[in-house]
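J.: The following block contains a protein sequence and its predicted model.
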Amino acid sequence: MKDVKGIFFLIILGAIALVASQAFFVVNEQEQVIITQFGEPQGEAINTPGLHYKVPFLQKANYFEKRYLEWDGDPNQVPTKDKVFIFVDTYARWQITDPLKYFERLGNERGAQSRLDDILDGETRNAVAGHDLVELIRSTNREANQEAVMVDIAEDSLQEISIGRGSIQDQIVELANQRAEDLGLEILDFRFKRINYAEEVRRTVYERMISERNRIADKFRSEGQGEASRINGEKERELLRIQSEAFREAETIKGRADAEAAAIYNNAYNRNSASRDLYSFTKSMEAYTKTIDKETSLIISTNSEFYKYLNSIDN
């Protein structure tokens, strides 16, 4: 009898625990809950964190995120207003603002992502098709500086724009929220993650960029060669000037030295007869040494000054 009572008591406890688990539920800070009964929403959304109650077995707690959610678009090839085909990759952040309406219109996050694909992809295509490429990739107007003028940048890089990428992104958010206002969600932010040319256009752009850079390089190379020629010309001219001045200075020094030597010789020659004779003899001996060797034959007159000292040696 006691065993039967124990089993019955355990069954009652299990039933109470089961009913309690179905009757009470916890809502965290990052969650919001819609209570449904046979699939129909009951009352307003529960946004307050804590322990809450529902009718067990008949009602169900449907949890939804309160935090910011991510939408990542697929890259699409879209033509711009100026007929340039580009690949556009986008992303956005959104939030569930009305869980009841969200549940009634979309059901769950998968349905919301699918609906956002339609809304944001459509608005992205409309925005790209309605603006030129330069407006999609730039946010502000540019001012030419000295360096830019020096490299002769392309004219379209300085083209004035009336609307930039940031403003276009804001327009997409505004128009997308108008279409999503009855879905219980709000698009908080939208950005172009990546914009690139289509493959066939990209090759043409690369070829143009290469040609432009080669032209600039040729210009710099030509200017460098002209500057090098000018420097070499100045160098040769300066070298000739230095050599000319050095030669003139050397000749001047030689002239002064020869004049001083002649003056010394003249003074020595005119000082007295003994000195003149010694000088004449010395110079003649030097001349004999330079002109006469063992194989030299001389035919000279006896009246020659050159013969005078040779005759003295014979005597």
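T.: Everything's here; your move.
J.: Could you pull out the strands in the chain for me?
T.: Using DSSP state E, the strands of the chain run over 24-27, 31-37, 40-41, 50-53, 59-65, 69-72, 76-79, 85-96, 185-197.
J.: Name the surrounding residues that touch the fifth one.
T.: The reference is to strand 59-65. Defining contact as CB atoms under 8 Å, 6 or more residues apart in numbering, one finds that strand 59-65 is touched by 25, 30-37, 42, 45, 52, 54, 96, 99, 102-103, 109. For glycine as for every other residue, the C-beta is placed from the backbone atoms N, C-alpha and C.
J.: Can I have the buried ones of those as a ChimeraX selection?
T.: Applied in ChimeraX, the following selects the buried portion of those according to 16 or more other CB atoms under 10 Å:
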select :25,31,32,33,34,35,36,45,54,96,99,102,103
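J.: tally of neighbours for residue 207?
T.: 10 (other CB atoms under 10 Å).
J.: Please apply the same query to residue 127.
T.: 21.
J.: Then the one 3 residues further on?
T.: Look at residue 130: counted by other CB under 10 Å, it has 13 neighbours.
J.: Phi, psi for the nearest residue to it once chain neighbours are set aside please.
T.: Spatial nearest neighbour of residue 130, excluding adjacent residues (CB to CB, 6 or more residues apart in numbering): residue 81 at 6.0 Å. Dihedral pair for residue 81: phi -60, psi -30, per degrees, to the nearest 10.
J.: quick one on the thing from earlier: turn the strands of the chain into TSV, columns for mean pLDDT and distance to residue 237.
T.: TSV is the format used below for the strands of the chain (pLDDT from 0 to 100; distance: least, CB to CB, whole Å):
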stretch	mean pLDDT	distance to residue 237
strand 24-27	82	92
strand 31-37	87	88
strand 40-41	82	97
strand 50-53	80	95
strand 59-65	86	82
strand 69-72	93	70
strand 76-79	88	62
strand 85-96	92	58
strand 185-197	91	53
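J.: Can you add distance to residue 258 and give the ones you listed back as a markdown table?
T.: Below are the strands of the chain laid out as a markdown table (distance: least, CB to CB, whole Å):
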| stretch | distance to residue 258 |
| --- | --- |
| strand 24-27 | 119 |
| strand 31-37 | 114 |
| strand 40-41 | 126 |
| strand 50-53 | 121 |
| strand 59-65 | 110 |
| strand 69-72 | 98 |
| strand 76-79 | 93 |
| strand 85-96 | 88 |
| strand 185-197 | 84 |
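J.: who are the neighbours in contact with the residue nearest to residue 130?
T.: 129, 130, 131, 132.
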